[in-house]
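J.: Any chance you can model this:
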Amino acid sequence: MKRLKLTLAIVAGATLLAGPAFAQLAVKAKGAQKVQLNDSIRKNVISWLSAAPMENIKGTAPNVKGTFSMDPANMKAVTGSISVPVKGMKTGNPIRDRHLAGKDWLDAKKFPNITFKITAIKSARAAGKKANLQAEGDFTCHGVTKKITVPVEISWKEANAKTARVAGDWVKISTSFTISLADYNVAGKAGVVGNKVGKTIKIDATLYGHTVR
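T.: Next comes the predicted model:
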């Protein structure tokens, strides 16, 4: 009987830790908050790396747009999406930039944006004003949508005199993940992928937003 009680206590404790309370931020905001990305806080830029035998290409994807819904009392309920225009992506070489946006590669004319939409939070852990999530969502690139899961760190900064230039609380969102060009039918010119362009692309994003009433 004692062993049964102990087992039930462990199961109950695990259930409690897995629930919303364990994914709760220690902030004053109550209920679902709309968070909108804003370059006035700090520039929202996604960086990416193509590592290949002949060349490493580092690029940026500015002009990120996005909104999220976050309930600080239950970070497992986070939803939202971001969008990045292909045409503005930079590689440090204007000619290569044009190739990147061209028909052989990302085809900005036909597929103007790369997007990621969160569809579920697989897990969430919070401590203080930070939360770590495993976010599942639809990543769309070059007209192809794939379901992926990415790690996301969220840091919450409550409104104060130093943040007054933008209304509301500030929120920082960070992630890092890798995609395969083949998954999105990005083939480029024959012989380039796997030689001068990596078969996979590492993506890093640090985004800044604020709560909107």
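J.: all strands in this protein, in order from the N-terminus.
T.: Secondary structure of the chain (DSSP state E): strands at 33-37, 45-51, 56-61, 65-71, 74-85, 113-127, 130-141, 144-157, 170-180, 200-212.
J.: In a markdown table, list these along with mean pLDDT, mean neighbour count and distance to residue 101.
T.: The way it works is simple: take the backbone N, C-alpha and C, and place the C-beta from them, glycine included. Output for the strands of the chain, formatted as a markdown table (pLDDT from 0 to 100; neighbours: other Cβ atoms under 10 Å; distance: least, Cβ to Cβ, whole Å):
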| stretch | mean pLDDT | mean neighbour count | distance to residue 101 |
| --- | --- | --- | --- |
| strand 33-37 | 98 | 19 | 22 |
| strand 45-51 | 97 | 17 | 14 |
| strand 56-61 | 97 | 16 | 11 |
| strand 65-71 | 98 | 19 | 18 |
| strand 74-85 | 97 | 19 | 9 |
| strand 113-127 | 97 | 17 | 12 |
| strand 130-141 | 98 | 19 | 13 |
| strand 144-157 | 98 | 16 | 17 |
| strand 170-180 | 98 | 18 | 18 |
| strand 200-212 | 98 | 19 | 15 |
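J.: Figure out which of these is closest to residue 27.
T.: strand 144-157 (5.2 Å; Cβ to Cβ).
J.: With just CA atoms, put the closest one into PDB.
T.: Output of strand 144-157 as PDB, limited to C-alpha atoms (Å, rounded to 0.1, in the frame of the first residue of the first chain):
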ATOM      1  CA  VAL A 144       6.500  24.200 -50.000                       C
ATOM      2  CA  THR A 145       5.200  23.800 -46.500                       C
ATOM      3  CA  LYS A 146       6.800  21.400 -44.000                       C
ATOM      4  CA  LYS A 147       5.900  20.600 -40.400                       C
ATOM      5  CA  ILE A 148       9.000  21.300 -38.200                       C
ATOM      6  CA  THR A 149       9.700  21.600 -34.500                       C
ATOM      7  CA  VAL A 150      12.100  24.300 -33.300                       C
ATOM      8  CA  PRO A 151      13.500  25.400 -29.900                       C
ATOM      9  CA  VAL A 152      12.300  28.800 -28.800                       C
ATOM     10  CA  GLU A 153      13.500  30.900 -25.900                       C
ATOM     11  CA  ILE A 154      11.200  33.800 -24.800                       C
ATOM     12  CA  SER A 155      12.400  36.500 -22.400                       C
ATOM     13  CA  TRP A 156       9.900  39.000 -20.900                       C
ATOM     14  CA  LYS A 157      10.800  42.500 -19.800                       C
END
